[in-house]
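**Student:** Using only what follows, build the 3D model:
(chains A and B)
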Amino acid sequence: DVKVTQSSRYLVKRTGEKVFLECVQDMDHENMFWYRQDPGLGLRLIYFSYDVKMKEKGDIPEGYSVSREKKERFSLILESASTNQTSMYLCASSRADRGTHQPQHFGDGTRLSIL
Amino acid sequence: QKEVEQNSGPLSVPEGAIASLNCTYSDRGSQSFFWYRQYSGKSPELIMSIYSNGDKEDGRFTAQLNKASQYVSLLIRDSQPSDSATYLCAVLFMDSSYKLIFGSGTRLLVRP
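**Tutor:** Model prediction:
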């Protein structure tokens, strides 16, 4: 079974802090993704990565950055946390198999509150 | 604009009935379609994938795909209260590489 592990289930931080959310997958997947999910807005893609040290902006990258130094780990960074970044953050990974378009598998999520 | 549309619900069905969840998408060239189940406060869990026109069955779940109509559906037979969740439709658009576009989800409520 695919295992995607997010470092924290719940996190509370203060406005202006730099926040790190960590994600690790154990299936040697090439692709990794960060989403946020808010009521009424659905899943929105923040950043994704096709390979180590590669990253691409998703639909809502403002206020975020990412790091992928190792294949199994994809970190999301909130440079200066703001209250509008309070949300559920979801990490996902998938194999890079264009022939069969492999699905994404999600971690348990991190519920982040910015006070 | 790539779009995936779902009725937000809630769709309420009695226990034992068939629940039918529907999804339409905007890109005629899309090739890969997925259904995820998400319980309240939890992360999405993959339950079905479908790539070809027609039906694909897995236990009580059947996914149906009609590319000409740009329509994909999920049928849940013998619905159980434990099926109560939000069901997300996700589509891999042709020009989006590995990115999935998710619908906003349909909330299903199975009444005992």
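**Student:** The residue sitting nearest the centre point of chain A: what's it in contact with?
**Tutor:** Centroid check for chain A by Cα atoms, centre = their mean gives residue A:34 as the closest residue, at 2.5 Å. Applying Cβ atoms under 8 Å, 6 or more residues apart in numbering or on different chains to residue A:34 gives the contacts A:21, A:23, A:45-48, A:58, A:64, A:66, A:74, A:76, A:89-91. Quick note: C-beta positions are derived from backbone N, CA and C, even for glycine.
**Student:** filter the residues you listed by proximity to chain B?
**Tutor:** A:45, A:48, A:58, A:90 (Cβ under 8 Å from any Cβ of the partner chain).
**Student:** tell me the contacts of the first one?
**Tutor:** Just to be clear, that refers to residue A:45. A:33-35, A:58-60, B:99.
**Student:** Next, the contact list for the closest residue to residue A:104 other than its chain neighbours, please.
**Tutor:** On the basis of Cβ to Cβ, 6 or more residues apart in numbering or on different chains, the spatially nearest residue to residue A:104 that is not a chain neighbour turns out to be residue A:92, at 4.1 Å. Residues in contact with residue A:92 (Cβ under 8 Å, 6+ apart) are A:4, A:32-33, A:35, A:104-107.
**Student:** circling back to that earlier point, would you show me how to pick out the buried ones of the contacts of residue A:45 in PyMOL?
**Tutor:** What follows is the PyMOL syntax for the buried subset of these, where burial is set by 16 or more other Cβ atoms under 10 Å in any protein chain shown:
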select buried, (chain A and resi 33+34+35+58) or (chain B and resi 99)
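**Student:** would you turn the contacts of residue A:45 into a markdown table with secondary structure?
**Tutor:** Shown next, in a markdown table, are the contacts of residue A:45 (DSSP: H, G, I helix; E, B strand; the rest coil):
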| residue | secondary structure |
| --- | --- |
| A:33 | strand |
| A:34 | strand |
| A:35 | strand |
| A:58 | coil |
| A:59 | coil |
| A:60 | coil |
| B:99 | coil |
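**Student:** Cool, thanks, talk later.
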